[in-house]
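Asks: pasting the structure only:
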C-alpha cells in the first residue's frame, strides 16, 4: 500500500470513528437539562419542559417565547448531548433589549433573572459549535408567587352545587328521580 492510499485510509477511518461516536442523542440532552435542574428545584424553582428540544448543526438557532410575571424569579436551562461543543443562550425583553446571555464556551447554557414586568421574553438558543448534528433540550423554572393572584378575588368554584332529590323522590334503580 503506498503512502497516499494509507493516508486516505487513515483519514476515512478517523472520520468514521468520530461519526459513529458523535451523533444526535435527544435523550442525553434531556437528561443533561434535568441534571442541571436538580440544584434549582432544591432552591424552590418549579421546573417545566418547554417542548423545545431538537437537533441541529453548528449555527442552528431556535427562538422561544416564554411568559413571565413581574417579581418572579426565572431560570432558563439548556442541556445538550456530547456532539454539542458550545451552546449559547440570549434572552431579550419585549422591546428587544438584551436582558441576559450565556456565551461561555461550554456545551451547556443557563441564565437566572427576576422579571421586572409581566409579558413575554424571547430566548434564543444557538448551537455555536458541534460535531455533526447535536441535540439540545430547554427547561424553564419559576419561583415566587404572583402578587395579582394572591390579592385578587377568590377563585370561583368549577362546578355548581346541585340540590339533592326531594324526600322520597328516588327511582327504582336507586338514582335520583326523573320527571317526564
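Replies: Received the coordinates, thanks. Here the structure is a predicted model, which means the values were calculated and not measured.
Asks: Tally up the residues packed near residue 63, please.
Replies: Applying other Cβ atoms under 10 Å, we find 11 residues neighbouring residue 63. The C-beta positions use only the backbone N, C-alpha and C, and glycine is treated the same way.
Asks: isn't it right next to residue 121, touching?
Replies: No. Using Cβ atoms under 8 Å, residue 63 and residue 121 do not qualify as a contacting pair, with a distance of 11.0 Å.
Asks: Below-threshold pLDDT in this protein: ranges please.
Replies: Across the chain, the stretches falling below the confidence threshold (pLDDT under 70) are 1-22, 148-180.
Asks: So which residues of it form helices?
Replies: With helices called from DSSP state H, the chain shows them at 3-21, 26-42, 147-151.
Asks: Which positions within stretch 99-109 qualify as buried?
Replies: Across stretch 99-109, burial judged by 16 or more other Cβ atoms under 10 Å covers 99-100, 102, 107-109.
Asks: Now, these that are in strands?
Replies: When DSSP state E defines the strands, the subset of those inside them is 99-100, 102, 109.
Asks: which of these lies closest to residue 80?
Replies: Closest to residue 80 out of those is residue 109 (8.3 Å), distances taken as Cβ to Cβ.
Asks: Tell me, how many residues neighbour the residue nearest to that closest one when sequence neighbours are not counted?
Replies: Closest residue in space to residue 109, ignoring its immediate chain neighbours: residue 89 at 3.8 Å, by Cβ to Cβ, 6 or more residues apart in numbering. Residue 89: 23 surrounding residues under other Cβ under 10 Å.
Asks: Do me a favour and get the end-to-end distance for stretch 110-125?
Replies: Start to finish, the residues bounding stretch 110-125 are 10 Å apart (Cα to Cα, to the nearest Å).
Asks: List the buried residues in it.
Replies: Neighbour counts using 16+ other Cβ under 10 Å place 110-111, 115, 121, 123, 125 of stretch 110-125 among the buried residues.
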